[in-house]
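Asker: after the sequence you'll find the predicted model.
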Amino acid sequence: MRAIQIAELDGPQAAKVVEIDEPTGEDGMVLVDVHAAGVAFPDALQSRGLYQYKPAMPYTPGAEIAGVVRSAPEGAHVRPGDRVVGLTMLCGAMAEVVALQPERVFALPDQLSFEAGAGILFNDLTVQFALRTRGRLTQGETVLVHGAAGGIGTSTLRLAPAFGASRTIAVVSTDEKADVARAAGASDVVLADGFKDAVKELTGGRGVDIVVDPVGGDRFTDSLRSLAPGGRLLVVGFTGGEIPTVKVNRLLLNNVDAVGVGWGAWTLTHPGFLQEQWAELQPLLASGAVPAPDPVVYPLERAAEAIGSLEDRSARGKVVVAVR
Ligand SMILES: NC(=O)c1ccc[n+]([C@@H]2O[C@H](COP(=O)([O-])OP(=O)(O)OC[C@H]3O[C@@H](n4cnc5c(N)ncnc54)[C@H](OP(=O)(O)O)[C@@H]3O)[C@@H](O)[C@H]2O)c1
């Protein structure tokens, strides 16, 4: 089968199309003919050996797929021919065939394309976990999201209203990214430079209830300062490169929380959680209450460019690779 392979940890440009053996699908796995695979920031980090999970070399990148079931074990909840999305967690997705654990395979609503489907799981399930489980989002609250034109960012803008947020404030680095955030549903958009003052003005001095932060770095303290009393800052990632430190007196003085969001780790310690998440998200996607992602699609041959667009910050919205 055709697959992307990374043989040296030189960064995204090391991603090449190769011919490798198909997986066999033994031991209770679901075999899926892959139509599209999602690209996420960990793919860029992994290509330089900078991610916490380090696959054996050479490896095939990609954590999520959409495709059609080729075979499934007895008693599985999916059957051959079903349109599905699935998680490889955290590599192996950019290949024509993948073998997945049944609990990491989910029925794709008919009205969603494979490209949109490949852009759902990794970000939407993280954001759902962030807003609902860790962030305790309630009806009528305001959610601010950094990196709002990125994968986690656009996912937050799509999901937050369906989970009760009455307002979303997108933080982006350029005017072009502001358009991407608006298209994803942002109520308001502000530039990263000076965002604290802009948010203060937008909220009449009150601040926001939740900050979703996939960026980290020097924005962190201003994010804490942007929280209303009882607010929660959700620590999702560090695309800005630096892991910030927090002076905990700020938490005490303003009655705010800094909350860790480690979705992958949670799924490992909570069997059945992924299927519970899908049971909540799937009807929202099927009904259109949560709009489908509208990804930028690259052909398989340009997977290096697709992964590179996250590393060099040029990506607009979710990025997906068409596999067949
Ligand atoms: N905790 C979890 O369970 C979990 C799960 C999934 C992903 N994540 C993490 O979430 C983060 C975001 O992932 P993603 O797939 O949404 O990435 P993405 O699509 O590349 O978006 C990241 C955004 O970060 C901003 N950014 C700021 N400084 C940057 C820099 N130096 N380089 C690149 N981007 C920079 C960019 O927005 P502006 O240009 O507008 O600033 C960009 O749009 C990653 O750290 C990822 O590992 C965590």
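Answerer: Happy to help now that I have it. Numbering: from 1, shown residues only.
Asker: next, the residue of the chain positioned farthest from its centre: phi, psi?
Answerer: For the chain, the C-alpha farthest from the mean C-alpha position belongs to Leu253; by CA atoms, centre = their mean, that distance is 32.3 Å. Phi and psi for Leu253, reported as degrees, to the nearest 10, are phi -60, psi -40.
Asker: and for Met94?
Answerer: phi -80, psi 70.
Asker: any idea how far it lies from Phe273?
Answerer: According to CB to CB, to the nearest Å, Met94 stands 26 Å off from Phe273. Yep, even glycine has a C-beta here, placed from its N, CA and C like the rest.
Asker: check Arg2 too.
Answerer: 33 Å.
Asker: ok so, going back, which pLDDT value goes with the residue farthest from the centre of the chain?
Answerer: In this model, Leu253 is scored at 94, pLDDT.
Asker: what about it, distance to Pro229?
Answerer: Distance from Leu253 to Pro229, by CB to CB: 10 Å.
Asker: count of residues packed around the residue of the stretch 51-200 of the chain found nearest the ligand?
Answerer: The stretch 51-200 of the chain approaches the ligand most closely through Gly150 (2.0 Å), counting by CB to the nearest ligand atom. By other CB atoms under 10 Å, 29 other residues sit near Gly150.
Asker: what residues does it make contact with?
Answerer: Gly150 is in contact with 41, 214, 239, 310, 315, 317, counting by CB atoms under 8 Å, 6 or more residues apart in numbering.
Asker: out of these, which sit inside helices?
Answerer: 41, 310 (DSSP state H).
Asker: so can I have TSV of the contacts of Gly150 showing neighbour count, distance to the ligand and pLDDT?
Answerer: As requested, the contacts of Gly150 are arranged in TSV below (neighbours: other CB atoms under 10 Å; distance: CB to the nearest ligand atom, whole Å; pLDDT from 0 to 100):
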residue	neighbour count	distance to the ligand	pLDDT
Phe41	22	3	98
Pro214	27	4	98
Thr239	22	4	97
Leu310	21	4	98
Ala315	23	5	98
Gly317	22	8	97
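Asker: Pro214 touches Gly237, doesn't it?
Answerer: Yes - using CB atoms under 8 Å, Pro214 is in contact with Gly237, at 4.1 Å.
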